[in-house]
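In: Make a model of this:
(one chain, ligands or ions: 1)
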Amino acid sequence: MAEPELQPFWERHDDPVTVAVSDVHVRYRVASTDRSRKATSRPARIANRLLGREPVEIVRALAGISLVARAGESVGLVGLNGSGKSTLLRIIAGLETPMRGEVLASSTPVLLGVNAALLPELSGAQNVHLGCLAMGMSPAEARAALPEIVALADIGRAIHLPMKTYSSGMGARLRFAIAVAADPHILLIDEALATGDAAFRERSEQKMDELRSHAGTVFLVSHAAKTVEEECTRALWLHKGRLVLDGPAFEVAQKYRWWAWNLAKGETDKAAGLLEDAFRSGHDTQVHFPDPLPVKGPPRHARRT
Ligand SMILES: Nc1ncnc2c1ncn2[C@@H]1O[C@H](COP(=O)(O)OP(=O)(O)OP(=O)(O)O)[C@@H](O)[C@H]1O
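Out: This next block holds a predicted model:
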């Protein structure tokens, strides 16, 4: 009897897939000033010394991440500093190529980062225009979008002043307002909301809900697990480049907070146990892309070279 054909993962659900990440690995080679590193082999250390080269360290930023995100989801990313959250957003955005693995995205994701490329010498309004053009709007569309962006950012007269004079909160508000103006289907937000005040957070939350209701997907990196708990439907907990848990935002954020609290209080054994339990309880998501992809699947976005 013929094997039943497995239904591809993007057709197994009512809500369409917007982002699929399959076994993504990212490593960086970084010059180090530590000449005593045991990780460097002896011949390499001798060669480095003879050639006057700085030792190189390999940083493993992501180690086998797989996930599938769907329209209507807002996915929060939590984890300690250096756990790989921003790297994962850059990979999903297609700004970096993974060493291994690949990403499919149904449309071009818009990454809103703390360092989004706006020009500090230009005024907020001029940056709005440039930002809109960079997201693919025509000059007329960019002009038409200005009032709504200015209203959402709500930074008053400062909109006419150079961006280099802005506080970090004012810059974050403007970047957020620019990014959502294009009504992207996939919006990636890296901590931009953290510096906003309560009123701005309320408005940005509304905007994210609006975006999700238009069949969009939002990814949100935040150090505040509470923000993820309140603003996301689903959360990913990353640790040292690995996915610890992927599930409902409330559940994941609560477990992450309890673990982080124990770690901060010096309860290292308890924290280690909680981390192990969390790893064990998270099911190991595997995402396989057929090669070549059927025409009906989402377009291939980022892949190893
Ligand atoms: N361009 C880069 N070159 C070298 N190493 C990098 C680079 N970008 C990130 N890393 C390293 O990759 C790891 C993951 O970094 P990443 O910025 O993704 O973590 P994060 O969870 O976003 O951290 P944070 O919460 O501090 O913003 C870290 O060890 C970091 O030092």
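In: all contacts plus neighbour counts: C-alpha atoms, from now on.
Out: Will do.
In: can I see the domain layout of the chain?
Out: According to automatic domain parsing, the chain comprises the domains 9-24+68-109+185-199+215-303, 116-183.
In: residues in contact with residue 263?
Out: residue 271 (C-alpha atoms under 8 Å, 6 or more residues apart in numbering).
In: For it, identify the helix or strand it belongs to.
Out: Assigned by DSSP states H and E, residue 263 belongs to helix 249-264.
In: could you dump the domains of the chain to TSV with distance to the ligand and mean pLDDT?
Out: Output for the domains of the chain, formatted as TSV (distance: least, C-alpha to the nearest ligand atom, whole Å; pLDDT from 0 to 100):
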stretch	distance to the ligand	mean pLDDT
domain 9-24+68-109+185-199+215-303	3	86
domain 116-183	14	88
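In: Reformat these as CSV; add distance to residue 56.
Out: Putting the domains of the chain into CSV (distance: least, C-alpha to C-alpha, whole Å) gives the following:
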stretch, distance to residue 56
domain 9-24+68-109+185-199+215-303, 17
domain 116-183, 29
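In: For residue 57, find the nearest of those.
Out: domain 9-24+68-109+185-199+215-303 (15.2 Å; C-alpha to C-alpha).
In: and that closest one, how far out from the chain's middle?
Out: Centre-to-centre, domain 9-24+68-109+185-199+215-303 and its host chain are 7 Å apart (C-alpha atoms, centre = their mean, to the nearest Å).
In: returning to what we had before: which SSE is immediately downstream of the helix holding residue 263?
Out: Next along from helix 249-264, by DSSP H and E: helix 268-281.
In: Which residues does that next one contact?
Out: By C-alpha under 8 Å, 6+ apart, helix 268-281 touches 243-245, 255, 259-260, 262-263.
In: Can I get that helix in PDB? Just the C-alpha atoms.
Out: Taking Å, rounded to 0.1, in the frame of the first residue of the first chain, the C-alpha atoms of helix 268-281 are listed here in PDB:
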ATOM      1  CA  THR A 268      21.600  28.500  40.700                       C
ATOM      2  CA  ASP A 269      20.700  24.800  41.300                       C
ATOM      3  CA  LYS A 270      17.000  25.600  41.400                       C
ATOM      4  CA  ALA A 271      17.400  27.700  38.200                       C
ATOM      5  CA  ALA A 272      19.300  24.900  36.500                       C
ATOM      6  CA  GLY A 273      16.500  22.500  37.300                       C
ATOM      7  CA  LEU A 274      13.800  24.800  36.100                       C
ATOM      8  CA  LEU A 275      15.700  25.300  32.800                       C
ATOM      9  CA  GLU A 276      16.100  21.600  32.300                       C
ATOM     10  CA  ASP A 277      12.400  21.000  33.000                       C
ATOM     11  CA  ALA A 278      11.500  23.800  30.600                       C
ATOM     12  CA  PHE A 279      13.700  22.300  27.900                       C
ATOM     13  CA  ARG A 280      12.200  18.900  28.500                       C
ATOM     14  CA  SER A 281       8.600  20.100  28.400                       C
END
